[in-house]
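Participant: Give me a 3D structure for the following:
(chains A and B)
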Amino acid sequence: MTLVFAAIVIWIVASWINVKLSRSSAHNTLLVRFLVPFIFGVTIIVAWELLARGLDIPSVILPPPSAIATRFAASTDILWLDFVQTFVKGALTGYIMGCGAAFLTAILIDRVPFLQLGLLPVGNFVAALPIVGIAPILVMWFGFDWHSKAAVVVVMVFFPMLVNCVQGLSDTDSMQRDLMKTYAASYADTLLKLRLPAAMPFIFNGLKISTTSALIGAIVAEFFGSPIVGMGFRISTEVGKLGLDMVWAEITVAAIAGSLFYGAVAAIEKGVTFWHPSQRG
Amino acid sequence: MRKLFAVFTVVLVIVAIWYAAAVKMNAKWAYDQAARAKVEISFSELVKDTWAQERPVLPAPHQVMTELWKTTVGKKITSKRSLIFHGWITLEATLLGFITGTLLGIALSVGIIYIRAMDMSVMPWAIASQTVPILAIAPMIIVVLNSVGIQGLIPKAIISAYLSFFPVLVGMVKGLRAPDHMQMDLLKTYNASKSDAFYKLRLPSSVPYLFTSMKVGIAASLVGTIVGELPTGAIRGLGARLLTGSYYGQTIQMWAALFAAALLAAGLVALVGLAEKSVLKKMGMVR
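Facilitator: Residues are numbered from 1 along each chain as shown, chains lettered A, B, ... in the order given. Now for the predicted structure:
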């Protein structure tokens, strides 16, 4: 009971600190902007720990964070193998192939206005569909190993990426294109020097959206069958064995991998589209 | 008109590629069968066979359509084989989750607008959580709730609620902040109270943002429900149809379930789109 009481007290104190910090005159400084969400996050983890222990919640329902951390530290080798199988082999391969294919298709479509007119609505339509559903079919076609996962990822990232690329390629206005024409620039020159750079914000938007769906696709596809390694495999089997601490450890890995992946793409974007208003701050 | 023609052509080309792929991918089985029966089959026989196999690698479009027709119109909707029955199970959970998620998202966004501490502590996490594959938690939620005796509709609805929650939250915060300084200042000169400013300025200006994020949210909700139907070996719902299809190699059934899910998603998004159009029209916001 004291633990529950402690959790409530810590919660109140932490929110009081956060309210004070956000009302202080320093609320716009970088430090406070970082500190407030940090305190909030730590409070949630501490409260979770105290409540899980204080209320004797069985660990098959909600293991305390410390148990998850111990499990994480104790099984880094398994987690690493799962990470390589699911993220590097499945998600990343599929991501690169899918985004690359979508990019090339977009350039192709761009040359043929008829295709642009016809494929874009179809692409937009498909992008809104529950494409993960295709996972069992692709697992049947390409076998249980990472190839089928990469295939699911390719299908999942292709259409959002395609729509963004096509939109980006048409983002130059007629003035700019006319200027290129007065320079007697060829199609390739216009594409390389004007339209691709102008399309970059859109392309990176597509790339960023695709990072999350790539991971989701790779993990969900493993629910339909996989070799005895992989994050999705581990999650579904450990859930079956009620080894919830391992499941949470895998979810932690997925969360870290997801945000690092997104962060990496966003960092590259910052370097490539430094000229764009949204990047100048 | 030209656009319609273009879309039609593209769809036609896709269907043609599909038929060709069906011949290619199912040919092995057809040849094996022919070799076993010690007969040579001509190309036309091959094509005929590959488009009418019982468990093809890739079913031809008309097979999927027939199955879809048979399992929607041809069966009573109470039948376990009816896709309408399974679709309804999925739709129920999706709608319940979507409505809960949307309402929660709106409520929290109002809090975030008015309480700066909440804004500063919650928003970074809400944005960061979009990069995390939260769908991976789905099996755990199903099993954990199952172990405390909650099954069926509620666990799936919870998954679909949290999938629609974040897009709505982020969109609504953006929308409620959409009025610029001029407009807020104008209300101040009218001596408008905080609640007036909320109901007469902030809320109306957030509506377009709300609908945009609701379209994202309802698609995500449906995906969440379908994935939520996978892990426990559920026997009802579109996700379960996909899963049982994959267990027993019933490819036609899987494709039919996939198409049903696609139609459902398209229908839901279109419904939100229609609501958007009529609401924005009533509010005089249509450009």
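
Participant: Buried residues of stretch A:41-48, list them for me.
Facilitator: By 16 or more other C-beta atoms under 10 Å in any protein chain shown, the buried positions in stretch A:41-48 come out as A:43, A:46-48. (Each C-beta comes from the backbone N, C-alpha and C, glycine too.)

Participant: ignore the last one, stretch A:122-133
Facilitator: A:122-123, A:125-133.

Participant: wait, what's in contact with the closest residue to A:Thr172 other than its chain neighbours?
Facilitator: Leaving aside its chain neighbours, A:Thr172 sits nearest to A:Ala198 (4.9 Å; criterion: C-beta to C-beta, 6 or more residues apart in numbering or on different chains). The contact partners of A:Ala198, taken as C-beta atoms under 8 Å, 6 or more residues apart in numbering or on different chains, are A:168, A:171-172, A:176.

Participant: ok, now with 10 Å
Facilitator: With contact set as C-beta atoms under 10 Å, 6 or more residues apart in numbering or on different chains, A:Ala198 has these partners: A:168-173, A:176, A:273, A:275-276.

Participant: May I see the PyMOL selection of the buried members of those residues?
Facilitator: Buried members of the contacts of A:Ala198, defined by 16+ other C-beta under 10 Å, are picked up in PyMOL with:
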select buried, chain A and resi 168+169+172+273
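
Participant: okay, among the contacts of A:Ala198, which ones form the most distant pair?
Facilitator: Spatial extent of these (C-beta to C-beta) is set by the pair A:Ser170 and A:Trp275 at 19.0 Å.

Participant: Where does the prediction get shaky in the stretch 1-150 of chain B?
Facilitator: Scanning the stretch 1-150 of chain B with the threshold set as pLDDT under 70 gives B:77-78.

Participant: which residue ranges form the helices in it?
Facilitator: B:2-36, B:43-50, B:61-72, B:83-114, B:116-129, B:138-147 (DSSP state H, counting those that start in this stretch).

Participant: Against B:Leu222, how distant is the residue nearest to B:Asp196 when sequence neighbours are not counted?
Facilitator: The shortest distance from B:Asp196 to any non-neighbouring residue, by C-beta to C-beta, 6+ apart, is to B:Leu187 (7.0 Å). The gap separating B:Leu187 from B:Leu222 is 39 Å, by C-beta to C-beta, to the nearest Å.

Participant: wait, does the one helix or strand in chain A whose mean pLDDT sits lowest contact chain B?
Facilitator: Scoring the helices and strands of chain A by mean pLDDT, DSSP states H and E places helix A:277-280 at the bottom, with a mean of 70. No. Contact of helix A:277-280 with chain B is not found when judged by C-beta under 10 Å from any C-beta of the partner chain; the minimum separation is 13.9 Å.

Participant: so what does that helix touch, helix or strand wise?
Facilitator: The contact analysis (3 or more C-beta pairs under 10 Å, 6 or more residues apart in numbering or on different chains; DSSP states H and E) places helix A:277-280 against helix A:196-222, helix A:244-272.

Participant: Measure how the first one sits relative to helix A:244-272, angle-wise.
Facilitator: Helix A:196-222 and helix A:244-272 meet at an angle of 170 degrees, taking axes from the mean of the first three to the mean of the last three C-alpha atoms, to 10 degrees as the criterion.

Participant: other SSEs contacting the helix or strand just after helix A:196-222?
Facilitator: Next along the chain after helix A:196-222, taking DSSP states H and E as the criterion, comes helix A:231-240. The contact analysis (3+ C-beta pairs under 10 Å, 6+ apart) places helix A:231-240 against helix A:76-83, helix A:196-222, helix A:244-272, helix B:138-147.

Participant: Out of these, which one sits most buried?
Facilitator: Among those, helix A:196-222 has the highest mean neighbour count (mean count of other C-beta atoms under 10 Å in any protein chain shown), at a mean of 24.

Participant: Okay, angle between it and helix A:231-240 too, please.
Facilitator: Per the same axes, to 10 degrees, the angle that helix A:196-222 makes with helix A:231-240 is 30 degrees.

Participant: how far is helix A:196-222 from where the chain is centred?
Facilitator: How far helix A:196-222 lies from its chain's middle: 7 Å, per C-alpha atoms, centre = their mean, to the nearest Å.

Participant: what mean pLDDT does that helix have?
Facilitator: Averaged across helix A:196-222, the pLDDT comes to 88.

Participant: and the residue nearest the centre of chain A, what does it touch?
Facilitator: Geometric centre of chain A, nearest residue: A:Thr212, 2.4 Å, by C-alpha atoms, centre = their mean. Neighbouring residues of A:Thr212 by C-beta under 10 Å, 6+ apart: A:156-157, A:258-259, A:261-262, B:130-135.

Participant: farthest-separated two in those residues?
Facilitator: Using C-beta to C-beta, the contacts of A:Thr212 span at most 18.8 Å, a distance reached by A:Met156 and A:Ser259.

Participant: Can you pull the domain assignment for chain A?
Facilitator: Listed by automatic domain parsing, the domain ranges of chain A are A:2-57, A:72-280.

Participant: you'd agree B:Pro59 is up against B:Gln253?
Facilitator: Yes. Counting by C-beta atoms under 10 Å, B:Pro59 does reach B:Gln253; the two are 9.4 Å apart.

Participant: Please identify which of B:Leu187 and B:Leu222 sits among more neighbours.
Facilitator: Between B:Leu187 and B:Leu222, counted using other C-beta atoms under 10 Å in any protein chain shown, B:Leu222 has the larger neighbour count: 31 against 17.

Participant: Show me what counts as buried in the strand or helix carrying the more buried one.
Facilitator: If you go by DSSP H and E, B:Leu222 is part of helix B:203-228. For helix B:203-228, burial by neighbour count (16+ other C-beta under 10 Å) applies to B:203-228.

Participant: ditto for stretch B:92-112
Facilitator: B:92-102, B:104-106, B:108-110, B:112.

Participant: ok, now how distant is the spatially most distant residue from the centre of chain B from chain A?
Facilitator: Computed with C-alpha atoms, centre = their mean, the residue of chain B farthest from its C-alpha average is B:Lys38, at 47.7 Å. Distance from B:Lys38 to chain A, counting by C-beta to the nearest C-beta, to the nearest Å: 29 Å.

Participant: Could you check how far that residue is from B:Asp32?
Facilitator: 12 Å.

Participant: B:Pro56 too?
Facilitator: In terms of C-beta to C-beta, B:Pro56 sits 13 Å off from B:Asp32.

Participant: go on, A:Trp248?
Facilitator: 47 Å.

Participant: what do you get for A:Ala221?
Facilitator: 28 Å.

Participant: again, but for B:Ile127
Facilitator: B:Ile127 is 54 Å from B:Asp32, by C-beta to C-beta.

Participant: Name the residue in the two with the higher neighbour count.
Facilitator: Set side by side, B:Ile127 and B:Asp32 show more neighbours around B:Ile127, with 14 against 10, by other C-beta under 10 Å.

Participant: Skipping its backbone neighbours, what lies nearest A:Ser15 in space?
Facilitator: B:Ala117 (7.0 Å).

Participant: and chain A, which of the buried residues of stretch B:92-112 contact it?
Facilitator: Checking the buried residues of stretch B:92-112 against chain A (C-beta under 10 Å from any C-beta), there are no matches.

Participant: Which residue ranges make up each domain of chain B?
Facilitator: Split by automatic domain parsing, chain B gives B:2-58, B:83-282.

Participant: so of those, which one's packed in deepest?
Facilitator: Scoring the domains of chain B by mean count of other C-beta under 10 Å, the most buried comes out as domain B:83-282, with a mean of 20.

Participant: How far away from the center of its chain is that one?
Facilitator: That offset, for domain B:83-282, works out to 10 Å (C-alpha atoms, centre = their mean).

Participant: Pull up the distance across it, start to finish.
Facilitator: Using C-alpha to C-alpha, to the nearest Å, the end-to-end distance of domain B:83-282 comes out at 36 Å.

Participant: out of the helices of the stretch 1-150 of chain B, which comes closest to A:Leu207?
Facilitator: Ranking the helices of the stretch 1-150 of chain B by proximity to A:Leu207 (C-beta to C-beta) places helix B:116-129 first, at 17.4 Å.
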